[in-house]
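**Student:** return a 3D structure for these sequence lines:
(2 chains)
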Amino acid sequence: MNTRWQIWLAMVLLAAVIGAALYFPALRHQVNKAKELTQKTAEQARRELLPPAPVASGDPRVKAKMFWGTREQDGKLSPVTVELPLSSDPALRAKQVLNTLLAGPVDPESRTLPPDAALLALYLLPDGTAVADFSEAIGTSIPSGIQSEQLAVDSIARTLEANIPQVQRLKILIHGQEADTLAGHLDLTQTFPVNTKILSMVPPTTEPPPAMNPANPAEKP
Amino acid sequence: MVWPAPSQTPPGAPQTNSPGTLNVVVLDPAHGGTDLGARGTEGIRESEVVLQFAAQVRKALEAQGFQVVQTREGNENPSFDDRSARANAQRGAVFISLHVASTGLAGTARVYTMPDLPSANDGSGLIIWDRAQAPFTTLSHKLGNMVQAELARRFKGSPAEAQVAPVRQLRTTAAPAIAVEISSVSVADRTTLDRMIPGVAEAIARAVTAFKPTYVVPLIAPAAPGVHR
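**Tutor:** Okay, the predicted model is just below:
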């Protein structure tokens, strides 16, 4: 092989290497994006399959307080009053307010919970413990960090506190199971007190509820 | 299982850690391995950044005479219990978990401590592993406030006092324990975080040094993981 061919071959190889270096990161980005899209679609599909928040035609419209984030104060919650048809049954009412909380505020920057998260079930135990079962997206789509996870739990607890006085404690399940953490930081193995200003953990006063069957959310523990 | 009684160091013997006082700082760079932690749009990964923070904090603490133990030094991901076990095996230690958030005002830092937990002593003299932090929450909050004050002095917009949050990693740690969270991986330029490293290291080292005289090691030891769950 003469020198000219060697130069040509080297140039072709160099072009191939440069092409691959440019193409592969773009390909990886596309694959990751497609994967993310598929995951979101699956989560949204699951959410669409869920029964809508139970609203009876006779439910009176009342003012409810929702606790979302604020743009002005980093890491703080602010109450927003909305008018909703709310049941007088505390468990149903809790579902209704949490579904409204999940639906989010007008300003998406003030969200505390991921838009693709869904409330799968909510049970109110006789001792005042509200067991809220969320879809996986509450853990997988939330921005990772102590501040964001605390804000999410705090928004749920304070919204329950403001609208359902019967709720004394909050237990969060993810897809029917007890999770170690929300998204790697905040401890979900215990219950969170409701009706207190500062969140702290208290041991469950009853046996922890059995894992619920997500296929049959109507099945009560 | 209790801590052994403090022993006297004979005159002339090599200097060892004094029992009953703060000697060791356990640094916990959060996440690692397949758990990347928070990820920024510019490719910043929490699991990598916290290792850099830990290296500088370690140097600053060693310069103050502390022995430093890390829960991880490379790209591993020990479990929460394994990390706590590293701390719980030390005597006279404090535990500092390092995080970088996805959110929060860029260039600020927050300190978190555990809320009060029910008593962790079941009468056997052992601390229940799952609530090992219980006897230390007051000391943790004191340390947290001291670190937060130093951070607030250096990073404008940071809170003046430590905040309370049920951080999983802290619950099983039988020592004064805090989590420091820096904001954030969402910065447009990585140098914003890099510029914070010396200030965070200095703030932690100064606060731990100031905390040392107030530290008294309780005479109880945590049970092994799995016991009293």
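**Student:** so who does the most centrally placed residue in chain B touch?
**Tutor:** Centroid-nearest residue in chain B: residue B:96, 1.0 Å away (criterion: C-alpha atoms, centre = their mean). By C-beta atoms under 8 Å, 6 or more residues apart in numbering or on different chains, the residues touching residue B:96 are B:25, B:26, B:27, B:28, B:57, B:147, B:177, B:178, B:179, B:180, B:204, B:208. Backbone N, C-alpha and C define where each C-beta goes, glycine included.
**Student:** below-threshold pLDDT in the chain: ranges please.
**Tutor:** Since you didn't name a chain, this refers to chain A. For chain A, the stretches with pLDDT under 70 are A:1, A:34-57, A:196-221.
**Student:** not quite, go with chain B.
**Tutor:** In chain B (pLDDT under 70), the answer is B:1-20, B:120-122, B:218-229.
**Student:** helix or strand right after the host helix or strand of residue A:100?
**Tutor:** In this assignment (DSSP states H and E), residue A:100 forms part of helix A:90-103. The first helix or strand that comes after helix A:90-103 along the chain, using DSSP H and E, is strand A:119-124.
**Student:** save the contacts of residue B:96 as TSV, and put in secondary structure, neighbour count and distance to chain A too.
**Tutor:** Below are these laid out as TSV (DSSP: H, G, I helix; E, B strand; the rest coil; neighbours: other C-beta atoms under 10 Å in any protein chain shown; distance: C-beta to the nearest C-beta, whole Å):
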residue	secondary structure	neighbour count	distance to chain A
B:25	strand	25	20
B:26	strand	24	18
B:27	strand	27	17
B:28	strand	28	12
B:57	helix	28	18
B:147	helix	27	14
B:177	strand	31	13
B:178	strand	29	11
B:179	strand	27	6
B:180	strand	28	10
B:204	helix	31	17
B:208	helix	25	20
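**Student:** quick check: buried residues in stretch A:9-19?
**Tutor:** Buried residues in stretch A:9-19, counted by 16 or more other C-beta atoms under 10 Å in any protein chain shown: none are found.
**Student:** look up how far residue B:176 lies from the residue nearest to the centre of chain B.
**Tutor:** Distance, residue B:96 to residue B:176, by C-beta to C-beta, to the nearest Å: 9 Å.
**Student:** around chain A, pick out the residues from chain B.
**Tutor:** B:30-31, B:35, B:37-39, B:46, B:80, B:99-105, B:108, B:110, B:112, B:114-118, B:130, B:157, B:163-169, B:171, B:179, B:181, B:183-184 (C-beta under 8 Å from any C-beta of the partner chain).
**Student:** so which of those residues are in helices?
**Tutor:** B:46, B:80, B:168, B:169, B:171 (DSSP state H).
**Student:** could you dump the residues you listed to JSON lines with distance to residue A:26?
**Tutor:** Formatted as JSON lines, these follow (distance: C-beta to C-beta, whole Å):
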{"residue": "B:46", "distance to residue A:26": "25"}
{"residue": "B:80", "distance to residue A:26": "37"}
{"residue": "B:168", "distance to residue A:26": "38"}
{"residue": "B:169", "distance to residue A:26": "37"}
{"residue": "B:171", "distance to residue A:26": "43"}
